[in-house]
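Colleague: Got a predicted structure plus its sequence, pasted below:
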Amino acid sequence: MTRLLRWLVRAAVIYTLACVALTLGSLLLTPACSSVDRSYDIAVVLGGGDEQRKAVQDAETGRVHSAVRLYQRGLVKHLHLTGGGPDGRSSNATLLARLAREKGLPDTALSLESRSLSTLQNALFSRPSLPPDADLIVVTEAFHAWRAKASFFWAGRPAAICASPEPGRRLPHRALFLAREVAAWGVNILRAGAWSLGRAMGLENQLPEVLLI
């Protein structure tokens, strides 16, 4: 029993360190959206940023602002905005769409997914709006980009990634976001694995969506 416990503790430590490494790698190595120099069909903008803050809107440091600049530079043809809201009424995608329209983007250049409450759901629920042969780039913050890329690959929509600017969070908030991201890696790997196993067993329509939150 003691040997098994030691093995479990070691496995947990290694797993946690791997999640830390993935988070730090994403934070440090994801290219900025301002450095993108090739074109894509669709920029997928993930909700969950700080676009609701007036300071972010004024400084244009939100995820959607980076995607709008890609559109204005002629590097993407369309923005897909994904993200629900905890109250079931307001949604991140609706806010992102409003901000994009305020920058001059037409409705024909926008599509919305307004149910998702997690990155895995962002990817899975966006599938119908993203053609399998579309060239995609996911726009999110640097610390989150690798998990977003992994989630869209898992959902069958591989994508490039780029990072929007850090939106001016205070240091304690930045630390909290990083800690949450480490935890999210640990949980999402297990959730995605469970969902994939259920799908392989033909149970996809019976799996609860809450499994992916």
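Modeller: Cool, got the structure.

Colleague: This structure: helices as residue ranges?
Modeller: With DSSP state H, the ranges of helices along the chain come out as 2-29, 54-59, 63-72, 92-102, 119-126, 142-154, 171-200.

Colleague: Now do the same contact list for S126.
Modeller: With contact taken as CB atoms under 8 Å, 6 or more residues apart in numbering, S126 is in contact with V44, H80, T82, E113, S116, A155, R157. From N, CA and C alone the C-beta is placed, and that goes for glycine too.

Colleague: if you set the cut-off to 10 Å instead, what comes out?
Modeller: Counting by CB atoms under 10 Å, 6 or more residues apart in numbering, S126 touches 42, 44, 46, 80-83, 93, 111-113, 115-116, 136, 138, 151-152, 155, 157.

Colleague: thinking again about what came up before, would you mind finding the most buried of the helices of the chain?
Modeller: Among those, judged by mean count of other CB atoms under 10 Å, the one packed with the most neighbours on average is helix 119-126 (a mean of 26).

Colleague: Would you mind checking the average pLDDT for that one?
Modeller: Per-residue pLDDT over helix 119-126 has a mean of 96.

Colleague: Could you tell me the angle between it and helix 142-154?
Modeller: Note on geometry: by axes from the mean of the first three to the mean of the last three CA atoms, to 10 degrees, helix 119-126 and helix 142-154 are set 50 degrees apart in direction.

Colleague: can you give me the angle helix 119-126 makes with helix 171-200?
Modeller: 50 degrees.

Colleague: Need the CA coordinates for helix 119-126. CSV is fine.
Modeller: In CSV, the C-alpha atoms belonging to helix 119-126 read as follows (Å, rounded to 0.1, in the frame of the first residue of the first chain):
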residue,chain,number,x,y,z
THR,A,119,-12.2,25.9,-24.0
LEU,A,120,-13.2,22.3,-24.8
GLN,A,121,-16.8,23.5,-25.5
ASN,A,122,-15.5,26.5,-27.5
ALA,A,123,-13.8,23.9,-29.8
LEU,A,124,-16.6,21.3,-29.9
PHE,A,125,-19.5,23.7,-30.3
SER,A,126,-17.7,25.7,-32.9
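
Colleague: From T2, how far off is L203?
Modeller: To T2, L203 is 38 Å away according to CB to CB, to the nearest Å.

Colleague: of all the helices of the chain, which lies closest to L207?
Modeller: Closest approach to L207 among those is made by helix 171-200 (4.8 Å; CB to CB).

Colleague: For that closest one, give the mean pLDDT please.
Modeller: Averaged over helix 171-200, pLDDT sits at 93.

Colleague: In contact with the residue nearest to the spatial centre of the chain, which residues?
Modeller: With distances taken as CA atoms, centre = their mean, the residue of the chain nearest its centroid is A148 (4.1 Å). By CB under 10 Å, 6+ apart, the contact set of A148 is 26, 30, 44, 46, 48, 119-120, 122-123, 138-141, 159, 161.
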